[in-house]
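Trainee: Fold the following.
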Amino acid sequence: MIHSFSILPDDIAGKLIKTIFEYVNDKDPQPEDLLVKVAFEPIKQQLKRDLKDWDNERERRSESGKRGGLKSGEARRRSASKNEGVLQKTKQTEANEAVTVTVNVNDTTTTIDRQKVLEYLRGAAPIGTERAELEVEADALMKTYGGKKIGNLRALCNRWMANFAERAVMPVIQPVKKMVL
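Mentor: The predicted structure follows:
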């Protein structure tokens, strides 16, 4: 397509690429410019052929995966019945069956790490919150909870940021003023 695009003037090439994007996003474009129509038609036909080929390939891969999973399961059942209780490795070339895994993670900690606090606060902060504001909040959180045993640091940071969002004005840490004698 680069040769077709390089021949076209920039304004027509721009219209053509916009027409292509509309087509692949199911907008059913109807270009008004004759040159765009003529240039778009072979591209449209190629996209249709590619989509049909991809649908066929996807169906073929799906069927192969199903057959591989069945073969793998049958081989394991035969192996288990022969060697009761002994698991054998299946061949690398066999497809694996789908497996669902549930993982529960408890994030427990006894000390507060400032970097970890900043990471969690970033995840819980409203969009557009400045890094400097998060650092102020992390310092305040460290000052409040430093040295105390914390059960779930992520939950603590989420609660802290929920309160942060409700506050009208951020607390400002004033620099220490020097006394002039």
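Trainee: Could you list the buried residues of stretch 145-164?
Mentor: 145, 150, 153-154, 156-157, 160-161, 164 (16 or more other C-beta atoms under 10 Å). (Each C-beta comes from the backbone N, C-alpha and C, glycine too.)
Trainee: my bad, should have said stretch 26-44
Mentor: Buried residues in stretch 26-44, counted by 16+ other C-beta under 10 Å: 29, 31, 36, 39-40, 43-44.
Trainee: And that stretch, how far out from the chain middle?
Mentor: 34 Å (C-alpha atoms, centre = their mean, to the nearest Å).
Trainee: picking that back up, which one of the buried residues of stretch 26-44 is nearest to I127?
Mentor: P29 (34.0 Å; C-beta to C-beta).
Trainee: Tell me which two of the buried residues of stretch 26-44 sit farthest apart.
Mentor: It's P29 and A39 that sit farthest apart of those, by C-beta to C-beta, at 12.6 Å.
Trainee: Same list (the buried residues of stretch 145-164) but as CSV, adding distance to R60, secondary structure and pLDDT.
Mentor: Below are the buried residues of stretch 145-164 laid out as CSV (distance: C-beta to C-beta, whole Å; DSSP: H, G, I helix; E, B strand; the rest coil; pLDDT from 0 to 100):
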residue, distance to R60, secondary structure, pLDDT
Y145, 57, helix, 76
I150, 53, coil, 71
L153, 49, helix, 73
R154, 44, helix, 75
L156, 51, helix, 75
C157, 48, helix, 76
W160, 53, helix, 73
M161, 49, helix, 76
F164, 53, helix, 69
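Trainee: can you put those in CSV and add distance to L16?
Mentor: Output for the buried residues of stretch 145-164, formatted as CSV (distance: C-beta to C-beta, whole Å):
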residue, distance to L16
Y145, 60
I150, 59
L153, 54
R154, 50
L156, 55
C157, 50
W160, 53
M161, 48
F164, 50
